[in-house]
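> Sequence and predicted structure, then a few things I'm wondering about:
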2 protein chains.
Amino acid sequence: MTWRIEVFIQLKEGVLDTQGKAVEHSLVSLGHTGLKRVKVGKYIQLWVDAPSADQARAEAEKMCADLLVNEIIEGYTLEVEAE
Amino acid sequence: MTWRIEVFIQLKEGVLDTQGKAVEHSLVSLGHTGLKRVKVGKYIQLWVDAPSADQARAEAEKMCADLLVNEIIEGYTLEVEAE
């Protein structure tokens, strides 16, 4: 069975988000004065063959640890759904 | 009132996702042989002052059109919640 896993990666609190700050300044200078803050992260979708949702989640967590996420500065959440 | 808006940006279907393909090949070569496909996109969070959720959404849609999204090759979805 194939599962679609959404991975939301963002910088941990306290890590300077230079890309977010740059986007924030650009948007405010374009007139979006109600904007208070911007954070920029990654949105990765994985399609994985696995016998169960739990196994798909475990496999995705291993992919995050192996390659996708730098756990020193980034945190992530996962959502698994049947494809 | 402050609203947190999550913006999920991804390449439209049919646009070559070179970053996704590179990640896919790396993960498969690391032994994740159950992986079928990867798509890489952006996850942007915006904190916006607005009188209502509808106005916060409208403001975020304008930010997407002004700067955040290249609507020729990218699509996006928004989720608005009270902060």
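Happy to help now that I have it.
> what's the average pLDDT for stretch A:38-48?
For stretch A:38-48, the mean per-residue pLDDT is 98.
> How about that stretch and chain B, any contact?
Yes. Contact of stretch A:38-48 with chain B (CB under 8 Å from any CB of the partner chain) involves A:38, A:39, A:40, A:41, A:42, A:43, A:44, A:45, A:46, A:47, A:48. For glycine as for every other residue, the C-beta is placed from the backbone atoms N, C-alpha and C.
> Dump stretch A:23-35 to CSV, restricted to CA.
Output in CSV follows, covering the C-alpha atoms of stretch A:23-35 (Å, rounded to 0.1, in the frame of the first residue of the first chain):
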residue,chain,number,x,y,z
VAL,A,23,10.9,38.0,3.0
GLU,A,24,9.4,40.0,5.9
HIS,A,25,11.3,43.2,4.9
SER,A,26,10.4,42.8,1.3
LEU,A,27,6.7,42.3,2.0
VAL,A,28,6.5,45.2,4.4
SER,A,29,8.3,47.5,1.9
LEU,A,30,5.6,46.4,-0.7
GLY,A,31,2.9,47.8,1.6
HIS,A,32,2.0,44.8,3.7
THR,A,33,2.2,46.7,7.0
GLY,A,34,0.0,44.3,8.9
LEU,A,35,2.7,41.7,8.7
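> and for it, what are the contacting residues?
Under the criterion CB atoms under 8 Å, 6 or more residues apart in numbering or on different chains, residues A:37-38, A:40, B:44, B:46-50, B:59, B:62-63, B:66-68 lie in contact with stretch A:23-35.
> average pLDDT for it?
98.
> one step back: nearest to residue B:15 among the contacts of stretch A:23-35?
residue B:68 (16.8 Å; CB to CB).
> Quick one: residues contacting the closest one.
A:23, B:7, B:9, B:44, B:76.
> Might you specify the subset of these located within strands?
Among the contacts of residue B:68, DSSP state E puts B:7, B:9, B:44, B:76 in strands.
> The last one and chain A: what is the separation?
Which is residue B:76. Separation of residue B:76 from chain A (CB to the nearest CB, to the nearest Å) stands at 10 Å.
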